[in-house]
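>>> Pasted the sequence and its predicted model underneath.
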Amino acid sequence: MKWIKYITATGLFLMAFSCLSQEEGYKTLSDPTPFIEKVKAYSLATNTIQSNFKQEKHLTMLEEVLISEGHFIFQKEDNVVWEYTNPISYAIIVHNGKFIIRDGEKVKEFDIQSNRMFKEINNMIVTSVSGNFLDNPDFQASYMENNEFYLARLIPLKPEVKDMLSEIDIYFDKKEMQVTKVKFKEPGDDFTLIVFSNKVFNEPIPEEVFNVSQ
Amino acid sequence: MKYHLSYHLLLLFVLLTAGISSCSYQHYKGLEQVATENKLIPEIYDTTFNKAVYSTVFSVFGQELTGITIVKKVHRNIHVVFMSQIGLKFFDIEIRPGKQEDWFHINFIMESLSREFIVNTLKTDFMLLFAQYPKNAETAFFKSMENETTETTIRFDKYTASVFTRPASDKPNKIELRKGKSVKATIRLTPGNDYPEKVDISNRKAGLQLEWEEVKWQ
């Protein structure tokens, strides 16, 4: 009879674990095809995005959450401005294969292909916000939903990304089918939550936005 | 004649050797040793210190990483977490005062930074910054009678660390680590209330620099 106890205990443990591995209140999509089609349509129809963002850094060693705010611009295929305005003045600009960092008054330019880390950071930003994660071989994706959101959970497969991140959760608002928030989870319990607001889609973006003089 | 020449050469050699070996560290001009009992090493981070957030530039042989460093006291330990602005961690190091062996504990370090010379240099820098000197270290105290500048020397193994304070202040503004006459690390500090507002660490030989500047967060 011992083995029955063992199987029951194991079953209970697995059930508990499978519940924990899902985001609270979310259930796995039994048929993700309609969602995938919607994301494809969203990704295809999105040429530019302009948005504000609020970033929360949750560290287990800190009681408080570190909050920063800024502005985000995306232009297809992979032109990005990711700018912090409060409490720091810092911007990452990705344009024509160049990775530019503006830190206060200082401006530095890097070749994105020559720097693996910059390439991965850029890849993660673009992948998360543009919805360009379908058929991406760098991530294993699973899909969930609750009443308000669709949740695409990406598990990095590249060792250099896995080292820094265990999961990327991308939340789509069900009404608008737009990316509303992104959660970068690290190995351990620390994570970064980015919430987007005042989103503007497909408005033309002046070229000078990406041009930062050194 | 030959004998005299050899004798003089030998004497010159002995004098030169003696001269070199006595060329140990000279204290800064005007500083005199003060006999004090139980003189403590000046603290960079006071006992009342809780948390500091710094904007950070970390460079190793010309390669630069920028981000945010959080220095946070949790119970008795001090966590030093360096991460990118986006929040991706580069390293998370825990300083455990009172632990002789495991006082420098790495909770996490990004793979590309996990190199022996980087880790060892950081360990030395944090030893100076958080005053984690070996138990057998010998301390001496020097003071300028003119302008009240002080220097506390901490000697251990073949190293001497000097902690300097500004005139009429108990707040350190510079730390230097030397082996013989060679300077291994220099830390320049801009003191604040209970922790430095600016920290500039330079390890010229290791090609590693760390610059912290306080950010008022929330």
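Great, that's in hand.
>>> how about the helices in chain B?
In chain B, the helices defined using DSSP state H lie at B:2-21, B:116-129.
>>> Looking at chain A, what residue ends up closest to chain B?
In chain A, no residue comes nearer to chain B than residue A:192, which is 3.4 Å away by CB to the nearest CB. Bear in mind the C-beta positions are built from the backbone N, C-alpha and C, glycine included.
>>> tell me which element that residue falls in.
Per DSSP states H and E, residue A:192 falls inside strand A:191-201.
>>> Check the average confidence over that strand, would you?
Across strand A:191-201, the average pLDDT comes to 94.
>>> low-scoring pLDDT stretches of the chain, where are they?
No chain was given, so I picked chain A. Residues of chain A meeting the criterion pLDDT under 70: A:1-23, A:112-122, A:130-132, A:213-214.
>>> The chain in question should be chain B.
B:1-30, B:35-38, B:168, B:218.
>>> Give me the most central residue, it.
residue B:128 (3.4 Å; CA atoms, centre = their mean).
>>> Am I right that that one is in contact with residue B:185?
Yes. Using CB atoms under 8 Å, residue B:128 is in contact with residue B:185, at 6.5 Å.
>>> what's the overlap in contacts for those two?
Both residue B:128 and residue B:185 are contacted by B:175, B:177, under the criterion CB atoms under 8 Å, 6 or more residues apart in numbering or on different chains.
>>> Quick check, the residue in chain B closest to chain A?
residue B:87 (3.4 Å).
>>> how many other residues sit next to that residue?
23 (other CB atoms under 10 Å in any protein chain shown).
>>> What of residue B:188?
16.
>>> Could I get the buried residue list for the strand holding residue A:192?
Of all the residues in strand A:191-201, those buried under the rule 16 or more other CB atoms under 10 Å in any protein chain shown are A:191, A:192, A:193, A:194, A:195, A:196, A:199.
>>> now swap in stretch B:70-78 and tell me
Buried-residue list, stretch B:70-78, by 16+ other CB under 10 Å: B:70, B:71, B:72, B:73, B:77, B:78.
>>> One more: stretch A:41-50?
Buried-residue list, stretch A:41-50, by 16+ other CB under 10 Å: A:42, A:46, A:49, A:50.
>>> Which residue comes closest to the last one once chain neighbours are left out?
Beyond its immediate neighbours in the sequence, the residue positioned closest to residue A:50 (CB to CB, 6 or more residues apart in numbering or on different chains) is residue A:200, lying 4.4 Å away.
>>> does any bit of stretch B:107-123 sit next to chain A?
Yes. Stretch B:107-123 lies within reach of chain A by CB under 8 Å from any CB of the partner chain, at B:108, B:110, B:111, B:112.
>>> Just the ones in strands from the residues you listed, please.
Cross-referencing those against strands under DSSP state E gives residue B:108.
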